[in-house]
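[1] Just need the structure, nothing else, for what follows:
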Amino acid sequence: MKEKYLPIGTVVLLKGGRKRAMITGFCSVAQENQEKIYDYSGCVYPEGYLSSNQVCLFDHDQIDKIFFLGYEDEEEVAFKDKLNKIVASIEASSVESEDEAPIGATPITPFAGN
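    Here you go, the predicted model:
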């Protein structure tokens, strides 16, 4: 499988899925669990975005098959480079926080945006 953070517009099938999804965004947080950051947000394919309660959130390791790779250009490559650096910084900060947190405490992720 290609590197993490596939381009917007990539069409994938998730493991155990029957319906394809199209990637529409990165680093999304579900309302039900705001401590978990998902790698991708997406919509059903080919229907597209129908309503906010039909957005799917998933991680890179849940992708079973890539049907179509979205558009890549210099701007997308530069964005992905920044995204990888930000995510690495957040993950490093989270690990440091876990090391300092009292036993049984759940650290809060410092990034809660799309």
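[2] Mind telling me what element the residue nearest to the spatial centre of the chain is part of?
    What sits nearest the mean C-alpha location of the chain, by C-alpha atoms, centre = their mean, is Asp39, with 1.5 Å. Using DSSP states H and E, the element containing Asp39 is strand 37-44.
[3] Likewise for Ser94?
    Ser94 belongs to helix 74-100, assigned by DSSP H and E.
[4] helices or strands next to that helix in the packing?
    With contacts taken as 3 or more C-beta pairs under 8 Å, 6 or more residues apart in numbering; DSSP states H and E, helix 74-100 sits against strand 21-29. C-beta coordinates here come from the backbone N, C-alpha and C atoms, glycine included.
[5] quick one: strands adjacent to the strand it packs on?
    strand 11-14 (antiparallel), strand 37-44 (antiparallel) (DSSP bridges).
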